[in-house]
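A.B. asks: Quick one, fold the following:
(chains A and B)
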Amino acid sequence: MRTSSTPRERTRYPVFAICFTLLLLVPLVVVVATAVNPGAYLKFPPDGFTLDWFTTAIETPRFQSSLLLSLRIAVIASVVGLALTIPTAVAITRGRRRLRPWVSTATVLPLITPDMLLALGLLIMLVQIGMASSLIGLVLGHVLIGMPLAVQVLVAALSGVDENIEQAAQTLGASRATAFVRVTLPAILPAIGSAAVFLFIFSFDNVSISLFLSAPGQTTLPITMFQYLEYNSDPTVSAMSTILIVLSLVVAVVLSRLGGLSHLAGSPTRRSS
Amino acid sequence: MTFTHHESGTDRAPADSPSAYLRLRAVTKQYPTGGGVAGVDLTVTKGDMLVLLGPSGCGKTTLLRTLAGLLQPDSGAIELDGEDLVAVPTFKRNISMVFQTWALFPTMTVRDNVAFGLKMRRVGKQERADRVARALELVGLTEFAGRLPRQLSGGQQQRVAVARAIVVEPRLILMDEPLSSLDHRIRVQLRAQLKELQRGLGLTGVYVTHDHTEALALGDRIAVMDSGRIVELGRPVDVFARPTRRYTAEFLGLANVVDVSTGDGGYRTSGGSRIPAEVTAGRSDVVAVALRPDCVRLGQTDDGGTPGVVRVVEYQPGGVLHDVELPGGTRLQALTPVGLSYSIDTPVFVTPEWSKAVPLAD
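C.D. replies: Numbers count the residues shown, from 1 in each chain, chains lettered A, B, ... in the order given. Model prediction:
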């Protein structure tokens, strides 16, 4: 006779997890639903179905330029961010043990400080060195916001890499730099991918820093959408948001494929030497 | 145990002979937190395997890493084949190392792992493929060439590490406890393969271990280390059968170490037994003697032996090991043939054959 325990256990659904996921999804569902409302106002549930607002959203020049600007800044912030966070993570994992917790804490500070304070501080600083209202300032601010998570992801990945592999490469004839590039970097490539994605996302949907540091005529997409909503209430913004939601979903899938989120959960056990 | 293959070792080069291939002079590397090595002098003849044997923290790995160039010595000279190594960076030394963790490159296949050193040396594609194939064949991993390290068992990974180290034809091969994380059975198997490979290829090597059976099996010479110094150096058979230092005898744990002191006309144990003069042979620095357990006789009839009580009995491949408590609380180990063992708490008479004792200095 077969035991009934196995099939019974398979039918147990994680009720809590499902409820929680639904709760998280509700705002998104509302946004998507309002985007297809035929009338020129935000309404949930929608009265009908139309995709016209998507065309409008894409064709609105303000949205177009803001989207391009946001994408550009996010890409630059990712690249600059990686250039800063990879060496930082290496320093944290391979550097002096006594300094590690301090450096580590310092890199997390931007995460726990209110964004407004960061933005204000940056603004004052940039004004004094004459770089306010420049794209550089905005990029720096965005990098700062994304850095804590990116560093944590990279640190977790690096501590999972056997330090000996770099030394093994050296004994086999690779210089220190070559050893790092040929052996260590490939080993943390998935984490570099997720760090880049985090940097991108944190830049792309940032409001507070952009609010302070955007130059006139250089508004990023979230700010443009916010400003649009102040004077209009048609579903164009919802349509734009829906596009962003779809894009984010794609990114989320990529991220989970890279194992990026699991990097945050803790480092894999390392063999002691 | 037999040591027949070491018989030729008697005419082996003395410590400072010109035939030394690797020569260390007063190598010192200290850490601010303590540990490291101090004033190590060593020579290794070409084609020999030197085993650095000692407990963890004795500096043997530090010494090995200094040879590899992964650590810079504070002072001292390292010469390989007449060339001073200290100023040469690791990647130009042509010294391979097999790590305790094997340190295989996780993103590369077995083939690429083994090919890495050849790529770094800009060996042509065809020759590279040939040499990799030959190395993998040597370690018996030809059919695993396309796998990633994590798809292999521990023993297989270890063999990849060895293949990767030997494929570049290094001037010296360093091994840092490469077998310590394997199961006993595989360890013994790979140990034999390693020895065969090293001899077959004529490799000169330095092997670090804390396991004395490994040292016996692999070493042409053994250096016993304690707190950053080499306390004893010699052929395995000498170091094991006739250690000269108390530390060595205690670390190897193969024999009873009994403290002795000078009394009237010779050395005596604390129990009053006299050590025959021919054992100490006129030496004045003897602080203890080593006596193998099979040189201690046990009996149940009073034949002039010391009375004692069996406290622990342990079955071993060579017989039964008894831990006997003597009056005053000292313990002595005695090995008897399997049929002639005693059970725990049996009163026995102990007769050590002091004439077979080995004198030990401090």
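A.B. asks: Show me which residues of chain A sit near chain B.
C.D. replies: Contact residues, chain A versus chain B (C-beta under 8 Å from any C-beta of the partner chain): A:161-162, A:164-165, A:167-176, A:178-179, A:182-183, A:186-187, A:189, A:271, A:273. For every residue, glycine as well, the C-beta is placed using N, CA and C.
A.B. asks: 6 Å instead, please
C.D. replies: Contact residues, chain A versus chain B (C-beta under 6 Å from any C-beta of the partner chain): A:162, A:164-165, A:167-168, A:170-175, A:183, A:186-187, A:271, A:273.
A.B. asks: Got a ChimeraX select line for the buried ones in those?
C.D. replies: To isolate the buried ones among these in ChimeraX, judged by 16 or more other C-beta atoms under 10 Å in any protein chain shown, type:
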select /A:162,164,165,167,168,170,171,172,173,174,175,183,187
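A.B. asks: next SSE after the helix or strand residue A:185 falls within?
C.D. replies: Using DSSP states H and E, residue A:185 sits within helix A:185-187. Where DSSP H and E defines the elements, the next helix or strand beyond helix A:185-187 is helix A:189-204.
A.B. asks: Kindly spell out which helices and strands sit in contact with the very next helix or strand once past that following helix.
C.D. replies: Going down the chain from helix A:189-204, the next helix or strand is helix A:208-213, by DSSP H and E. In terms of contacts (3 or more C-beta pairs under 6 Å, 6 or more residues apart in numbering or on different chains; DSSP states H and E), helix A:208-213 is packed against helix A:115-128, helix A:135-159.
A.B. asks: Buried deepest among those, which one?
C.D. replies: Highest mean neighbour count among the helices and strands packed on helix A:208-213 (mean count of other C-beta atoms under 10 Å in any protein chain shown): helix A:135-159, with a mean of 23.
A.B. asks: Just the mean pLDDT for the following helix or strand past it, thanks.
C.D. replies: Later in the chain than helix A:135-159, the nearest helix or strand by DSSP H and E is helix A:164-171. Averaged across helix A:164-171, the pLDDT comes to 94.
A.B. asks: Other residues contacting helix A:164-171?
C.D. replies: Helix A:164-171 is contacted from outside by A:179, A:183-184, B:68, B:70, B:90-91, B:96-97, B:99, B:101, B:103, B:105, using C-beta atoms under 6 Å, 6 or more residues apart in numbering or on different chains.
A.B. asks: where does the chain have low pLDDT?
C.D. replies: Chain wasn't specified; assuming chain A. A:1-12, A:259-273 (pLDDT under 70).
A.B. asks: should've been chain B
C.D. replies: In chain B, residues with pLDDT under 70: B:1-18, B:264.
A.B. asks: can you list the residues of it near chain A?
C.D. replies: So chain B meets chain A at B:68, B:70, B:90-91, B:96-97, B:99-101, B:103, B:105-107, B:116-117, B:120-121 (C-beta under 6 Å from any C-beta).
A.B. asks: now for the helices and strands packed on helix A:208-213, which one comes closest to residue A:98?
C.D. replies: helix A:135-159 (16.4 Å; C-beta to C-beta).
A.B. asks: Can you name every helix or strand that that closest one contacts?
C.D. replies: For helix A:135-159, the elements it packs on are helix A:61-94, helix A:100-112, helix A:189-204, helix A:208-213, helix A:260-265, judged by 3+ C-beta pairs under 6 Å, 6+ apart.
A.B. asks: Export the fourth one to PDB, keeping only CA atoms.
C.D. replies: Output of helix A:208-213 as PDB, limited to C-alpha atoms (Å, rounded to 0.1, in the frame of the first residue of the first chain):
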ATOM      1  CA  SER A 208      14.600  62.200  -3.900                       C
ATOM      2  CA  ILE A 209      18.200  62.600  -5.100                       C
ATOM      3  CA  SER A 210      17.000  63.600  -8.600                       C
ATOM      4  CA  LEU A 211      14.600  66.100  -7.100                       C
ATOM      5  CA  PHE A 212      17.500  68.000  -5.600                       C
ATOM      6  CA  LEU A 213      20.200  67.500  -8.200                       C
END
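A.B. asks: Now the element after that helix, going C-ward?
C.D. replies: Assigned by DSSP H and E, the successor of helix A:208-213 is helix A:221-231.
A.B. asks: and the following helix or strand past that following helix, what does it pack onto?
C.D. replies: As assigned by DSSP H and E, the chain's next helix or strand after helix A:221-231 is helix A:236-258. Using 3+ C-beta pairs under 6 Å, 6+ apart as the contact definition, the elements that helix A:236-258 packs against are helix A:15-35, helix A:52-59, helix A:189-204, helix A:221-231.
A.B. asks: Output the ones you listed in TSV; the columns should cover distance to residue B:252 and mean neighbour count.
C.D. replies: What follows is the helices and strands packed on helix A:236-258, written out as TSV (distance: least, C-beta to C-beta, whole Å; neighbours: other C-beta atoms under 10 Å in any protein chain shown):
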stretch	distance to residue B:252	mean neighbour count
helix A:15-35	59	13
helix A:52-59	80	16
helix A:189-204	46	23
helix A:221-231	72	17
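A.B. asks: what about the residue nearest to residue B:266 when sequence neighbours are not counted, distance to residue B:289?
C.D. replies: With sequence-adjacent residues excluded and distances taken as C-beta to C-beta, 6 or more residues apart in numbering or on different chains, residue B:266 is closest to residue B:277, at 5.6 Å. Per C-beta to C-beta, to the nearest Å, residue B:277 is found 13 Å from residue B:289.
A.B. asks: circling back to that earlier point, can you say which of the residues of chain B next to chain A are buried?
C.D. replies: Here the buried ones among these, as counted with 16+ other C-beta under 10 Å, turn out to be B:68, B:70, B:90-91, B:96-97, B:99-101, B:103, B:105-107, B:116-117, B:120.
A.B. asks: which ones among those are found in strands?
C.D. replies: Secondary structure from DSSP state E places B:96, B:97 of those in strands.
A.B. asks: With just CA atoms, put stretch A:116-132 into PDB.
C.D. replies: Only the C-alpha atoms of stretch A:116-132 are listed here, as PDB (Å, rounded to 0.1, in the frame of the first residue of the first chain):
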ATOM      1  CA  MET A 116      16.800  63.700   1.500                       C
ATOM      2  CA  LEU A 117      19.700  64.300   3.800                       C
ATOM      3  CA  LEU A 118      22.100  62.700   1.300                       C
ATOM      4  CA  ALA A 119      20.600  64.800  -1.500                       C
ATOM      5  CA  LEU A 120      20.900  68.000   0.600                       C
ATOM      6  CA  GLY A 121      24.500  67.200   1.500                       C
ATOM      7  CA  LEU A 122      25.400  66.400  -2.000                       C
ATOM      8  CA  LEU A 123      23.700  69.600  -3.300                       C
ATOM      9  CA  ILE A 124      25.600  71.800  -0.900                       C
ATOM     10  CA  MET A 125      28.900  70.100  -1.700                       C
ATOM     11  CA  LEU A 126      28.300  70.300  -5.500                       C
ATOM     12  CA  VAL A 127      27.300  73.900  -5.400                       C
ATOM     13  CA  GLN A 128      30.500  74.700  -3.500                       C
ATOM     14  CA  ILE A 129      32.700  73.000  -6.000                       C
ATOM     15  CA  GLY A 130      30.700  74.500  -8.900                       C
ATOM     16  CA  MET A 131      29.200  71.200 -10.100                       C
ATOM     17  CA  ALA A 132      25.600  71.700  -9.200                       C
END
